[in-house]
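Asks: Just need the structure, nothing else, for what follows:
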Amino acid sequence: MKTLTSILAATDFSEHARTAIERAALLAREQESALRLLHVISSSSLDDLRNMMRGSAAVEHSVLEEARVSLHDTATILTRTTGVTAAEEVATGQVIATIRTAAEEADLLVLGARGTNPLRDLLLGTTAERLLRTCRRPVLVVKRAPKGTYGRVIVPVDFSSYSAPALAVAGLVAPHAHISVLHAFRVPFEARLHIAGATDDTIRRYCDEQRQEAARHIDRLMTQCLPHVPRQTCLVERGDPSPVILAQAQAQSADLIVLGKQGQSRAEELLLGSVTRHVLAGSTCDVLVVSP
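Replies: Presented below is the predicted three-dimensional model:
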């Protein structure tokens with residue numbers, strides 16, 4: 001994927017979804033991409049409605065028509081404010097599965113951080129979190145109202161197979177941003193090293209070696225994945241990845257964090273990956289999660 005040719009924005013008409021659609025439109029305008037708006041009506045909710053209304057087709061038709069009108073109004077406002085004309089689709093089915101299937105035809109899926117049902121989000125996880133576990137496309141979770149194109153981006157890397165795809169997509173989504181490539185490292189068994197006889201100089205020398213080695217890795221990654229991004233910074237920090245990432249995002253006033261998706265096994269996918277989950281929960285800026 002060398003350009004973003006198609007963007008899918010899913011909406012439930014919540015405030016978070018409206019913000020996500022605005023961001024999707026700005027990206028579509030910047031990238032000259034096709035934008036598609038999707039609203040999914042739960043088939044199980046429709047079944048409940050049919051049972052409650054004893055099979056009345058008129059009520060079901062009314063629900064569908066109301067959704068189409070709302071989506072069309074959303075698209076009309078979007079065109080007026082951004083100049084972007086979006087395709088519109090109202091679908092019925094299992095919400096997560098329907099969005100995931102639709103996303104297979106897009107280069108990027110854009111979602112709001114929260115939906116219209118806070119209790120369901122609390123019990124089951126947000127729609128964004130549930131989609132991130134299995135979606136194979138890059139997923140952008142929008143957390144704040146956009147004020148323009150992305151200007152400061154942080155891309156955490158751990159030098160696994162997830163790092164290069166994350167960097168490449170960051171350069172694609174935010175080609176004019178200042179991109180900081182961040183690596184966090186830990187000193188193994190640090191609490192026990194002094195007991196084992198390690199001196200402060202030994203630990204300091206280990207940290208210096210880790211920083212130098214990480215900097216060399218980052219330099220190679222930036223040369224490989226960000227050849228056309230002029231503003232780049234290499235950051236190597238000591239500490240646990242999640243708090244280091246969140247602290248750097250705050251310190252740099254980042255408006256986007258781009259993460260490589262963790263979890264190669266089915267079980268790990270369902271858990272989403274602790275770093276991804278913690279950053280998604282703790283960040284105040286948008287988060288883009290990229291599969292390898």
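Asks: Please count neighbours and contacts with C-alpha atoms only from this point.
Replies: OK.
Asks: What segments of the stretch 51-200 of the chain are helices?
Replies: Under the criterion DSSP state H, counting those that start in this stretch, helices of the stretch 51-200 of the chain are mapped to 57-82, 95-103, 118-124, 127-132, 163-173, 190-193, 200-225.
Asks: Out of those, which is the most enclosed?
Replies: Ranked by mean neighbour count, these are led by helix 163-173 with a mean of 23 (mean count of other C-alpha atoms under 10 Å).
Asks: ok now it, how far from the chain's centre?
Replies: Centre-to-centre, helix 163-173 and its host chain are 12 Å apart (C-alpha atoms, centre = their mean, to the nearest Å).
Asks: Over to stretch 88-100?
Replies: 19 Å.
Asks: averaged over its residues, what pLDDT does that stretch have?
Replies: Per-residue pLDDT over stretch 88-100 has a mean of 93.
Asks: what's the first-to-last distance across it?
Replies: 17 Å (C-alpha to C-alpha, to the nearest Å).
Asks: try stretch 231-250
Replies: End-to-end distance for stretch 231-250, by C-alpha to C-alpha: 19 Å.
Asks: for stretch 233-247, same thing?
Replies: When the termini of stretch 233-247 are compared using C-alpha to C-alpha, they are 16 Å apart.
Asks: Could you list the buried residues of it?
Replies: C234, L235, V236, E237, P241, S242, V244, I245, L246 (16 or more other C-alpha atoms under 10 Å).
Asks: Out of the helices of the stretch 51-200 of the chain, which is closest to V40?
Replies: Closest approach to V40 among those (C-alpha to C-alpha): helix 95-103, 5.8 Å.
Asks: Restricted to helices, list the buried residues of stretch 233-247.
Replies: P241, S242, V244, I245, L246 (DSSP state H).
Asks: what sits against E32?
Replies: By C-alpha atoms under 8 Å, 6 or more residues apart in numbering, E32 lies in contact with T5.
Asks: And the pLDDT at it?
Replies: On the pLDDT scale, E32 is placed at 93.
Asks: For D201, give its distance to V287.
Replies: Distance from D201 to V287, by C-alpha to C-alpha: 38 Å.
Asks: what about D200, distance to M222?
Replies: Taken as C-alpha to C-alpha, the span from D200 to M222 is 33 Å.
Asks: ignore the last one, A174
Replies: Applying C-alpha to C-alpha to A174 and M222 gives a distance of 14 Å.
Asks: what's the answer for A20, then?
Replies: Taking C-alpha to C-alpha as the measure, A20 falls 29 Å from M222.
Asks: now swap in P230 and tell me
Replies: For P230 relative to M222 (C-alpha to C-alpha), the value is 10 Å.
Asks: any idea how this structure splits into domains?
Replies: Split into domains by automatic domain parsing, the chain comes to 1-142, 149-292.
Asks: Looking at the last one now, give me its mean pLDDT.
Replies: Rounded to a whole number, the mean pLDDT of domain 149-292 is 84.
Asks: try stretch 45-61
Replies: The average pLDDT for stretch 45-61 rounds to 71.
Asks: cool, and stretch 15-24?
Replies: The average pLDDT for stretch 15-24 rounds to 94.
Asks: Contacts for that stretch next, please.
Replies: With contact meaning C-alpha under 8 Å, 6+ apart, stretch 15-24 is reached by 7-11, 35, 37, 78, 110-115, 141-146.
Asks: Nearest to Q31, out of the helices of the stretch 51-200 of the chain?
Replies: Nearest of the helices of the stretch 51-200 of the chain to Q31, taken as C-alpha to C-alpha: helix 163-173 at 8.1 Å.
Asks: ok and that closest one relative to helix 200-225, angle-wise?
Replies: 50 degrees (axes from the mean of the first three to the mean of the last three C-alpha atoms, to 10 degrees).
Asks: list the helices and strands helix 163-173 packs on?
Replies: strand 152-156, helix 200-225, strand 256-260, strand 286-290 (3 or more C-alpha pairs under 8 Å, 6 or more residues apart in numbering; DSSP states H and E).
Asks: what's the closest non-adjacent residue to S43?
Replies: Counting by C-alpha to C-alpha, 6 or more residues apart in numbering, S43 lies nearest to G93, which is 4.6 Å off, once chain neighbours are set aside.
Asks: do the same with C225
Replies: For C225, ignoring the flanking residues on the chain, the nearest one in space by C-alpha to C-alpha, 6+ apart is A168 at 5.0 Å.
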